[in-house]
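Q: Okay, sequence plus prediction incoming.
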Amino acid sequence: MSNLLQYPKFQAFDSDGAPLSGGKLYTYIAGTTTAKATYSDRELTSANANPVILDSRGEAVVHFRGRIKLVLTDSADAAVWTRDNVEGVPQSKNIRFVDAAEADQGAAGSGNSLKDLIDDIGTSLYARLIFRHDQGAANTTTFTLSTDETIPSNIEIEVDDGARIDIDTGVTLTIEGPVRAGAYQIFSGLGTVDYSASPGLWHNEWESGGSGVKIASLELLSGATVDGISDDTLLADDAADELVTEHAVKTYIDNKLPVGFPATWLAETPPDGWLERDGSTISRNTYADLFAVIGTKYGEGDGISTFELPDDRGKFPRYWDHGAGVDPDAASRTGSDPLAGAGNVTGDHVGTNQADELKSHVHEYEQSSTRTDISGNGAQTTAYSSTNPDTGSTGGNETRLVNVYEMPIIKY
């Protein structure tokens, strides 16, 4: 889901109330000075420049995910205002109500079955479907599902206390989006709920009361069941009645690693969300968050729309000397940025390089010889000589430790 600064576009004005033509909107991760990417489309595929340049009406289309920090300036970079922890307006096609009177929520009905509404909304726009109960606390409202159905990630469902999604035997309801419901039962029947792709938490109470509903795919890839971590105060919000899906765990861990985090990988294809540190030239728009972290330190690409990754293939890492004096040649380290002085990428700075080298030393030995010549009249002549030859060449192509290959990767 993306958020949109609206109405229906983001618009800014100067102190006289005139549109801020040519104004600049700088965007950062909330609470930081680290640049955050925004986009011109709801699918978050086409990145905006940072700053976003406002048109003659002071407008721009700005989509983003989560919270954001905004700094608005005029065209000359004079500050207008700063706003932090901004939440945009989630884009909704509408809020729709599922009709409990439909005989099968997984089949086409009169227009308001679960399937009808999902097909009408599609998979790109955000929407909320409500399973409503309005018949009093002593009763329940049943929504019968007799055919497999998938609720895509762009659709959030809200289930009232007293509403029941009743799933028939052999039928699976796959939920990929978030669920809004309290600690009360929302499922019944003998079918299956596949909640593995949902970003939210699972409440045990949702299938309590002996409903018989099976919860599918709530297992981590490592083989550890979700129940084994349900009391983790960070992942389950310190609530014993909440279970964490595999998707939620992956998202949590992924969000704890900052963009630009380096690591190594024991396969020849990087995992999702990571790139090999192979010196490739990549898009500043597509990888805007990574570009905001490393910039052109490792190469400026075409100088306009691309930049370069570090190229760490075949190299050993060395921790930054940072003035400690352990690296005697720190001042002569070289960088790869073609822009003179940009990023300070030569000398004692992160990202610089050193060629291979042996520390200066001497291998020599003394060799002496004596020669005696006897002339025809019996006279003897003795000559002495001394040389210091080298020891000759031995060894291979480089000086190295015992080592193993790993792929160097970087998070984007």
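A: All right, it came through fine. The shown structure was predicted, so the numbers you read here are calculated from the model rather than taken from an experiment.

Q: Which stretches in the chain count as helices?
A: Listed in chain order, the helices of the chain (DSSP state H) span residues 114-121, 246-256, 288-294.

Q: who are the neighbours of the first one, in terms of helices and strands?
A: Contact partners of helix 114-121 among helices and strands, from 3 or more C-beta pairs under 8 Å, 6 or more residues apart in numbering; DSSP states H and E: strand 127-131, strand 149-151. For glycine as for every other residue, the C-beta is placed from the backbone atoms N, C-alpha and C.

Q: Run through who's touching that helix.
A: 93, 96, 98, 102, 105-111, 127, 129, 143, 145, 147, 149-152, 154-155 (C-beta atoms under 8 Å, 6 or more residues apart in numbering).

Q: What is the burial count for residue 267?
A: 8 (other C-beta atoms under 10 Å).

Q: Can you check the pLDDT for it?
A: On the pLDDT scale, residue 267 is placed at 88.

Q: any idea what sits nearest it, other than its immediate chain neighbours?
A: Nearest residue to residue 267 in three dimensions, chain neighbours excluded: residue 407, at 6.9 Å (C-beta to C-beta, 6 or more residues apart in numbering).

Q: got a list of what the one you found touches?
A: Going by C-beta under 8 Å, 6+ apart, the list of residues near residue 407 reads 264, 265, 266, 267, 268, 270, 276.

Q: which among the residues you listed end up buried?
A: 270, 276 (16 or more other C-beta atoms under 10 Å).

Q: possible to save the contacts of residue 407 as TSV with distance to residue 192?
A: Shown next, in TSV, are the contacts of residue 407 (distance: C-beta to C-beta, whole Å):
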residue	distance to residue 192
264	39
265	34
266	35
267	33
268	37
270	34
276	39
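
Q: just to revisit the earlier point, rank the helices of the chain by mean pLDDT and give me the bottom one.
A: Averaging pLDDT over each of these puts helix 246-256 lowest, since it has a mean of 64.

Q: what's the spacing between the closest residue to residue 412 other than its chain neighbours and residue 32?
A: What sits nearest to residue 412 in space, not counting adjacent residues and going by C-beta to C-beta, 6+ apart, is residue 290, at 4.2 Å. As judged by C-beta to C-beta, to the nearest Å, residue 290 and residue 32 stand 15 Å apart.

Q: dump the residue contacts of the closest residue to residue 311 other than its chain neighbours.
A: Spatial nearest neighbour of residue 311, chain neighbours left out: residue 279 (2.9 Å); criterion: C-beta to C-beta, 6+ apart. Residue 279 makes contact with 298, 299, 308, 309, 310, 311, 313, according to C-beta under 8 Å, 6+ apart.

Q: circling back: look up which residues are beta-bridged to the residue nearest to residue 267.
A: On the basis of DSSP bridges, residue 407 is bridged to residue 265.

Q: Check residue 167 too.
A: Going by DSSP bridges, residue 167 forms beta bridges with residue 145, residue 189.

Q: Next up, the contacts around it.
A: Counted by C-beta under 8 Å, 6+ apart, residue 167 has contacts 145, 173, 187, 188, 189, 190, 191, 192, 193, 213.

Q: Perfect, that will be all.
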